[in-house]
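>>> predicted model follows, preceded by the sequence.
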Amino acid sequence: MKRRSTIAATAAGAIAALVISACSSGGSTTSTGSSGSANTGAVAFNAGISSIVNPSTHKGGTLIFDDSSTPDSFDPGNTYYAWVLNFDRLFAMPLYTYKSCAGNCGLTLVPDLATDMGTQSDGGKTWTFHIQPNVKYENGQTVTAADVKYAIERTYDRSVMANGPSYYQALLTDPTYKGPYKDKSAAGLTAIDVPDATTLVMHLQAPFADLPYVLAFPNTAPVPQSADKGSNYQLHPLSTGPYMFQSYQLNKQLTLVPNPQWNPATDPQAKQLPSKIIVNLNVNAADIDNRLLAGDIDIDAAGAGVGASAQSRILSNPTLKVNSDDPINGFGRFAYLDTKVAPLDNVHCREAVEYAANKVTTQTAYGGPIAGGQIASTIDPPNIVGYQSFDLYEALSKPTGDLAAAKQQLAQCGQPNGFSTNLAYRSDRLQETAAATALQASLAQAGIKVTLKGFPSGTYYTNFAGAPAYVHSHQLGIAMGGWGADWPDGYGFLDELSNGNAIVSTGNTNIEELNDSAINAMFTQSSNLTGDARTAVWAKIDKQIMTDAGILPLVYQKALLYRNPNVTNVYVQTYYGMYNYAVLGVKS
Amino acid sequence: MMIFFIIRRLIMTVFLLLLVSMITFAIFFLVPRLAGQTSYQLAAQYVGRNPVPSEIKQMEVKLGLDSPLYLQYGRYIKGIVLGVHYSDGTNVSYCPFPCFGYSFRNQQPVWPQLMSDAPVTVSLAIGAAVLWLIGGVAIGVLSALRKGTFFDRLSMGVALAGVSLPVFFTALLSLTLFSYKWALFPNVHYVGITSNPLQWARNLVLPWITLAFLYAALYARITRAGMLETMGEDYIRTARAKGLPERRVILKHGLRATLTPIVTIFGMDLGLLLGGAILTETAFSMPGLGQFTILAIQNQDLPEIMGVVMLASFFIVIANMIVDILYTVIDPRVRI
């Protein structure tokens, strides 16, 4: 399956792929995708964003991933890394997942282990879910609703399962439940009832319309209590997906092989094509790019895009460029403007920053329009359900900044000659350091003197930018940062960023400390809304955050992804902003 | 006499390692406190995103961060000497001697991870050491004996390049040329010696040569300088006057005297490398102790960092002890 990076070979691969993709009459090599998407495309730059490249049902071969770091955990209940959430679908079936298809279709939530989207009662405070009756683990044991409940229960013990999200404690009743390792009572988590083998009844503290999105995290993938090995479960989680663990050397290499108990009829969002999947961990990032371009590996698992050297090689070589995609990956890069630190506690001072910022220089600092991102004028990136484009501070019409408008705002703020403030950033992140420096330079043009304060990324949110007491005592008026949604609607993206209730003493995500009653009320109201009415709220909240000038959006992050021409069924799953790992195959 | 010497050095080794552990522990646990960081803030780093205060408190208690520092240090040392019990959620397991603590990032005991990575570093370090010792000393001796010749100038020029070029450069160059361009060693990655000895060697050829190039250059220059000095000594002239064959004069009288400083730095270099050849392992993506160290630092996984520092110190101290023993063989005057 491995290929050398010669022009002839790559060209031959590209031609072969074109021929294959042109064969739309069906046959054994062409697939419409069991997910229902028939959107296939020729091999071309960005073809993988909106169409399936190299569609195929060919089975066999070895698919190789490399990752420059390590996963937070391969335990489906203990992960928050975007690529691991994507990858987990190969061996774990959560209650819900995202439809396997290219384009915005990939934002659609669909049942996976569940049979439907759930039924609400008691004014939205009780949800009833049914699971498929015939799903089996790799050992032949049948999955039950009790296993799903147990999977959720174990996430409550943060001393063992520290990495995953903690929404259940905030949403479900019985928030003080300690988890099954400490609470040995027969009832367990009283917020979830299991009346029979295929039914789950969840009790919520308050109505929450986005609950199915929360249940799409892999921590709802079933875990039989008898198989749970606590923190060691990460070494071999019991598979319900198309692949199962053959071997795993912690933080070195994972090998997956087909799960003989997997039934494609019960899991239409995934495929079982390669005969082996290998993930090499902790590989030198520069080496990954070279191996990828040489054809030694198939996919960079992190999905964060190639490095600067490989970018220039790809973009300057048409043969390589046709095998690359440059999607907006769902992350936003921001400068948070603290509403509690003077003089930025005055909205006009914050608006002055919004106008004065040169978005082109910060975009360049983040890596430019291809690898860095697209200049942003909203908080929500375009691949969020409910996104609406608007431009309150001329980010798109005057991307280099509007000094006249900035000075006007400074005058209204009572600081006509500008002001001084401190800017926090992660000094061990080169791009963020460059962006902070660029922002400092552009604000200086308007008389806003910014002193840069660098902090280590490991403790940035827990001890510095995300610790309001520290922010106030050290007058950190501006803080650089980034954000990605836990699920692709406005609530998933905006709630933690801007809901006044999200302000906490450490690990704060509402870094601008925005506590606007109008925004808080809209979040509350959204819990009772559905459909288009609910979707419309997100744009209103986005506009209100921008009206409050609590956040200066800099770029919608993009990443230049490279797909080895040997890989089949490749497309960007819009929710993850990277290739859909659940459906990939290889030609040879 | 030799056995007493070894026992004495082993006792000193224990005290040295204890000192290293105290300093390392102080750096990671005392200094942050002096800088104003609380144990609560430290624990907050290990409970994921958006933790509630009770979860942070739970982690603080689990890691024992709420105890006085001397108790935390005592627990750490007790674990190394006597082992310790730890909970993985479902079970309470016993981590036997030498238990270097429990990684709260990986949720795994540190020692098995160190032992899993050590073979990679040992494979890399030993193979490279053999190459650089033989290559460096041989070139140094030949250069000294042929001083001023083309060979001498060429080999010392190459040696200068070897010393000057950083490993990450030569590693990337060798990968670019021999792995990607000409594919003589395609897809370099570590394979265990027990699973496939041939693949083990094939995949280590480039890392060995890269690492050996750096050290061989240094050893060649030191050997050359030592040999030039030694071969001018009176006792060499005497040996020649006695009619000894030139080969015997060079190897038994010249080289033997030159070897003493070489063995000294060899012990230090090998000991350091066994603690993790960070740049070489990173450049070639070899999952050894060097990469383990980098990852531990990136994750701020203090028990892992402590563990690898202790293991690296152990290697250096043991390597130096072996060097001291070798002195008695190379230079019998040491025994007096």
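Thanks, I have it.

>>> show me which residues of stretch B:163-174 are buried.
For stretch B:163-174, a neighbour-count test (16 or more other C-beta atoms under 10 Å in any protein chain shown) marks B:165, B:167, B:168, B:170, B:171, B:172, B:174 as buried. Just so you know, the C-beta spots here come from the backbone N, C-alpha and C atoms, and that holds for glycine as well.

>>> could you measure from the last one over to chain A?
Residue B:174 sits 12 Å away from chain A, going by C-beta to the nearest C-beta, to the nearest Å.

>>> need the pLDDT of that residue.
If you check residue B:174, the pLDDT there is 93.

>>> number of nearby residues for the nearest residue to it once chain neighbours are set aside?
Leaving aside its chain neighbours, residue B:174 sits nearest to residue B:206 (5.1 Å; criterion: C-beta to C-beta, 6 or more residues apart in numbering or on different chains). Residues near residue B:206, counting by other C-beta atoms under 10 Å in any protein chain shown, number 22.

>>> show me what contacts residue B:206?
B:171, B:174, B:175, B:178, B:179, B:185, B:188, B:284 (C-beta atoms under 8 Å, 6 or more residues apart in numbering or on different chains).

>>> before we move on, the earlier item: so which of the buried residues of stretch B:163-174 sit within strands?
Of the positions in the buried residues of stretch B:163-174, not one sits in strands, assigned by DSSP state E.

>>> closest one to chain A out of the residues you listed, please.
residue B:172 (7.0 Å; C-beta to the nearest C-beta).

>>> how far away is the closest one from residue B:206?
11 Å (C-beta to C-beta, to the nearest Å).

>>> mind telling me what element residue A:510 is part of?
Using DSSP states H and E, residue A:510 maps to neither a helix nor a strand.

>>> you'd agree it is up against residue A:502?
Yes - counting by C-beta atoms under 8 Å, residue A:510 does reach residue A:502; the two are 4.4 Å apart.

>>> show me what contacts whichever residue of the stretch 301-450 of chain A sits closest to chain B?
Chain B sits closest to residue A:428 of the stretch 301-450 of chain A, with a gap of 9.2 Å, by C-beta to the nearest C-beta. For residue A:428, the contact set (C-beta under 8 Å, 6+ apart) comprises A:456, A:457.

>>> could you rerun that using 10 Å?
Each residue near residue A:428 by C-beta atoms under 10 Å, 6 or more residues apart in numbering or on different chains is listed here: A:454, A:455, A:456, A:457, A:458, A:460, B:298.

>>> if I pick the closest residue to the fourth one other than its chain neighbours, what's in contact with it?
Counting by C-beta to C-beta, 6+ apart, residue A:457 lies nearest to residue A:426, which is 4.1 Å off, once chain neighbours are set aside. When contacts are counted by C-beta under 10 Å, 6+ apart, residue A:426 is found next to A:432-433, A:436, A:454-461, A:464-465, A:479-482.

>>> got it, and residue A:126?
Counting by C-beta under 10 Å, 6+ apart, residue A:126 touches A:119, A:120, A:173, A:193, A:201, A:202, A:203, A:204, A:207.

>>> could you export stretch B:146-153 as CSV, CA atoms only?
Output of stretch B:146-153 as CSV, limited to C-alpha atoms (Å, rounded to 0.1, in the frame of the first residue of the first chain):
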residue,chain,number,x,y,z
ARG,B,146,49.8,10.1,9.7
LYS,B,147,49.9,13.7,10.9
GLY,B,148,49.8,16.3,8.2
THR,B,149,48.8,13.9,5.5
PHE,B,150,45.7,14.2,3.3
PHE,B,151,44.0,11.5,5.4
ASP,B,152,44.7,13.4,8.6
ARG,B,153,43.3,16.7,7.2
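
>>> lovely, talk soon.
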